[in-house]
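Enquirer: coords below, sequence missing:
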């Protein structure tokens, strides 16, 4: 393992993994391959952009020629695939992009890796492939039951990775992470969205009763889980990367407001989104057996994250313009108008 291509490496979790790998493994060359959609941001890579073992290629994993060129140019022997369309709300509004990136793109990337004789292929997935978990904790052998176009497209990608291992003997491994939070998180997901909206004293649109349960995992712990699987995971296996910290969305919202010293009157309960899963929860004993452990607990992690957004308005204010505002209007304007009169 010498030359690692990290697809989607300018995104939230991917960039955390890249920063970690560039700084921790100076003998590895880390090549970021990113399409630079709305969620890709080169500012996420500023801490490592001048490192001698870092390179960047702009490209789409569904573009065979560009992928092939990058694999050959840098002598890539390992691929870690973070590239994905990821937001459930967007998948409901525009599912085509999710199928293209998360299924077709994964297939083309696997085909390219196979032809290039890649030695190791790590695919980063999500707990949402397991669907709504009313009680207990999902394990890696549980059947898939996706309930949104996003989750279904990720499940399709997972199965494609498995198929290439079984059919072609490719050295593939899959990680499935729980809800992730931390610095550099595109501000349409719950925590960065509510932090940045509250800082501007804008209403926080909480879906339904806010009693949806999510398992929160700090982005550095998620990146560490992917690193552990890259180094130690068994070919053909999947590994859950869980925060083991279940929280109601409404409780997370209250904690954000308390940390910011903002009034709870900012909370506005709006009509729920379609097919909204109530609870995600995973068991991660399999990953822990490889030696992985978390460094962050939710209390200190959330406080540090809120502090980061307060201190780094330069990063998120320039994002919340243009396309972002159009999406916000499409997703929340009618819902907020319905409850505000």
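Expert: Alright, I've got the coordinates. On a predicted model such as this, the values are computed, not experimentally measured, just so you know. Numbers count the residues shown, from 1 in each chain.
Enquirer: Just the element for residue 187, please.
Expert: When secondary structure is defined by DSSP states H and E, residue 187 falls outside every helix and strand.
Enquirer: Which strands or helices does the one helix or strand in the chain whose mean pLDDT sits lowest pack on?
Expert: Taking mean pLDDT, DSSP states H and E as the measure, helix 88-93 is the helix or strand of the chain with the lowest mean score, a mean of 80. For helix 88-93, the packing partners by 3 or more CB pairs under 8 Å, 6 or more residues apart in numbering; DSSP states H and E come out as helix 95-99, helix 149-168. To be clear about C-beta, it is placed using only N, CA and C from the backbone, and glycine gets the same treatment.
Enquirer: Any regions of this protein where pLDDT drops low?
Expert: Within the chain, the segments meeting pLDDT under 70 span 341.
Enquirer: Okay, helices next: where are they in it?
Expert: 12-24, 64-73, 88-93, 95-99, 105-115, 149-168, 190-199, 219-232, 249-260, 285-288, 298-311, 313-317, 323-328, 334-340 (DSSP state H).
Enquirer: Quickly list what the closest residue to residue 134 other than its chain neighbours is bridged to.
Expert: Using CB to CB, 6 or more residues apart in numbering and skipping residues adjacent in sequence, the residue nearest residue 134 is residue 279, 6.4 Å away. Under the criterion DSSP bridges, residue 279 forms beta bridges with residue 213.
Enquirer: Let me know how buried residue 279 is, in neighbour terms.
Expert: 17 (other CB atoms under 10 Å).
Enquirer: and the closest residue to residue 55 other than its chain neighbours, how many neighbours?
Expert: Excluding its sequence neighbours, the residue lying closest to residue 55 (CB to CB, 6+ apart) is residue 31, at 4.6 Å. The burial count assigned to residue 31 is 25, neighbours taken as other CB under 10 Å.
Enquirer: Equivalent analysis for the one 4 residues further on, please.
Expert: Applying the criterion other CB under 10 Å, we find 20 residues in the vicinity of residue 35.
Enquirer: can you check the one 3 residues further on too?
Expert: Here the neighbour count serves as a burial measure; for residue 38 (other CB under 10 Å) it reads 15.
Enquirer: got the contact list for it?
Expert: 186, 323-324 (CB atoms under 8 Å, 6 or more residues apart in numbering).
Enquirer: related to what we said a few turns ago, give me every residue that touches the residue nearest to residue 134.
Expert: 132-134, 212-213, 246.
Enquirer: Give me the buried subset of the residues you listed.
Expert: 132-133, 212-213, 246 (16 or more other CB atoms under 10 Å).
Enquirer: Adding distance to residue 335, write these out as a markdown table.
Expert: Output for the buried ones among the contacts of residue 279, formatted as a markdown table (distance: CB to CB, whole Å):
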| residue | distance to residue 335 |
| --- | --- |
| 132 | 22 |
| 133 | 26 |
| 212 | 16 |
| 213 | 21 |
| 246 | 26 |
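Enquirer: Pick the one among the residues you listed closest to residue 50.
Expert: residue 246 (40.2 Å; CB to CB).
Enquirer: Quick check: the gap between the closest one and residue 278.
Expert: Look at residue 246 and residue 278: by CB to CB, to the nearest Å, they are 12 Å apart.
Enquirer: Please enumerate the shared neighbours of those two.
Expert: With CB under 8 Å, 6+ apart as the test, residue 246 and residue 278 both reach residue 213.
Enquirer: Buried among the contacts of residue 38? Need that as a selection in PyMOL.
Expert: The buried residues among the contacts of residue 38 can be selected in PyMOL (16+ other CB under 10 Å) with this line:
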select buried, resi 186+324
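Enquirer: residues in contact with residue 119?
Expert: 1, 77-78, 171.
Enquirer: make it 6 Å
Expert: residue 77 (CB atoms under 6 Å, 6 or more residues apart in numbering).
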